[in-house]
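Asks: need a 3D model of the sequence below.
(one chain, ligands or ions: 1)
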Amino acid sequence: MPAKIIDGRAVAKRIRGEIGAEVDDFRKATGSRPGLGVVLVGDDPASAMYVRMKRRACERVGIRSEARILPAAATQQAVEDAVRGFNEDPAIHGILAQLPLPDHIDEEAVLSQISLAKDVDGIHPVNIGRLGMRGREPSFTPATPTGVMILIDESGVPIEGARAVVIGRSNIVGLPVALMLTNANATVTICHSRSRDLPTLVQGADILVAAVGRAEFVKGDWLKAGAVVIDVGSNSAPDASSDKGYRYVGDVDFESALPVAGHITKVPGGVGPMTITMLLANTLTAARRIAAGCK
Ligand code: GUN
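Replies: Take a look at the predicted model:
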């Protein structure tokens, strides 16, 4: 039997509907809207597109969004000032510094400036540290990993006690998703480009999260039968049959994985729609906490 598809688009749509209704309630109760402040530095087209998508998604659910767009040559001081400006703005409840920042900018110093109460991207160094420490609670968890956890839950397969393999160790996906799986009591293996014998490691996974950034890298015959496969990849692959000349594919070779996996996400239509949805959810949460007087 082929794997069941975990439909990220449908899950995201359901959650966005709930967020839209809750934003309305917030407006009625407070007379104001939740606000997201976005800092974008430089003219990387992919980052500019993500920021446009985030702003559009905000509008659709009634969240106000404001962007500070700085030139690629912006100084460290200017980038940090943009973040501090949002910290002090009472109409802004969540702050996102779109990554990657240009090479001359000290990313950690910028992220450290974000007020913890407004760190809706969950990537302030203190929040990542709290995520990794027992008994500590981050104010927010990062968007993509949070979306991944919801999609795993959607499969109905218990995380507790499961063997989970994460391929990729990036700051915004691989590392935090591994920590979140550990916190949910999975037994987690983090693999990466230097891992020896990846297929054997993947073979042990009840849950596989592929976040390696290589098109169709994971093959179906690496998988354990019935595994939950969450594909975070979004890679462009040449496709002469498409008008654009390319199409988006994940990190998993979907065709060969489908007959082996128990549950699987598609690319596009899997993790992608969840990422922005989680950012919206965190922004609403931040606004509610700030309205309730939490620091
Ligand atoms: N760039 C790509 N994904 C992300 C993300 O989730 N957050 C931020 N801040 N930048 C990104």
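Asks: what's the neighbour count on Gly213?
Replies: If you count neighbours by other C-beta atoms under 10 Å, Gly213 ends up with 17. The way it works is simple: take the backbone N, C-alpha and C, and place the C-beta from them, glycine included.
Asks: grab the nearest non-local neighbour of it.
Replies: Nearest residue to Gly213, sequence neighbours excluded (C-beta to C-beta, 6 or more residues apart in numbering): Gly233, at 6.2 Å.
Asks: against Thr182, how distant is that neighbour?
Replies: 22 Å (C-beta to C-beta, to the nearest Å).
Asks: and for Ala72?
Replies: 37 Å.
Asks: name the SS class of the residue in the stretch 1-150 of the chain that the ligand sits nearest to, please.
Replies: Going by C-beta to the nearest ligand atom, the ligand is nearest to Leu99 of the stretch 1-150 of the chain, at 3.6 Å. Under the three-state scheme (DSSP: H, G, I helix; E, B strand; the rest coil), Leu99 adopts coil.
Asks: thought it was touching Glu108?
Replies: No - contact between Leu99 and Glu108 fails when scored by C-beta atoms under 8 Å: they sit 11.3 Å apart.
Asks: thinking again about what came up before, more neighbours, Gly233 and Thr182?
Replies: Legend: neighbour count by other C-beta under 10 Å for Gly233 and Thr182, higher for Gly233 (25 against 17).
Asks: quick one, grab the pLDDT at that one.
Replies: Listed pLDDT for Gly233 reads 97.
Asks: just Glu108 next, same as before
Replies: pLDDT recorded at Glu108 is 98.
Asks: likewise Gly272?
Replies: 96.
Asks: cool, and the one 4 residues further on?
Replies: Per-residue confidence for Ile276 comes out at a pLDDT of 96.
Asks: pull the number of nearby residues for it.
Replies: The burial count for Ile276: 21, using other C-beta under 10 Å.
Asks: now Asp44
Replies: 16.
Asks: tell me how far it lies from Asp119.
Replies: Using C-beta to C-beta, we find Asp44 at a distance of 22 Å from Asp119.
Asks: and for Leu111?
Replies: Distance from Leu111 to Asp119, counting by C-beta to C-beta: 8 Å.
Asks: so for the two, which residue has more residues nearby?
Replies: Asp119 (25 against 22).
Asks: quick one: that one and Ala97 touch, right?
Replies: No - assessed by C-beta under 8 Å, Asp119 is found out of contact with Ala97, at 9.9 Å.
Asks: what residues does this structure have near the ligand?
Replies: 96-99, 121, 143-144, 172 (C-beta under 6 Å from any ligand atom).
Asks: let me see the ranges of the helices in the stretch 151-295 of the chain.
Replies: In the stretch 151-295 of the chain, the helices defined using DSSP state H, counting those that start in this stretch lie at 174-183, 198-203, 254-257, 271-291.
Asks: ok, now which ones touch Pro2?
Replies: Applying C-beta atoms under 8 Å, 6 or more residues apart in numbering, we find Pro2 in contact with 258-259.
Asks: now the least confident helix or strand in the chain by mean pLDDT - C-alpha only, CSV.
Replies: The least trusted helix or strand in the chain, going by mean pLDDT, DSSP states H and E, turns out to be strand 235-238, with a mean of 92. Only the C-alpha atoms of strand 235-238 are listed here, as CSV (Å, rounded to 0.1, in the frame of the first residue of the first chain):
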residue,chain,number,x,y,z
ASN,A,235,15.2,22.5,-4.4
SER,A,236,14.7,23.5,-8.0
ALA,A,237,15.3,20.8,-10.5
PRO,A,238,15.4,21.2,-14.3
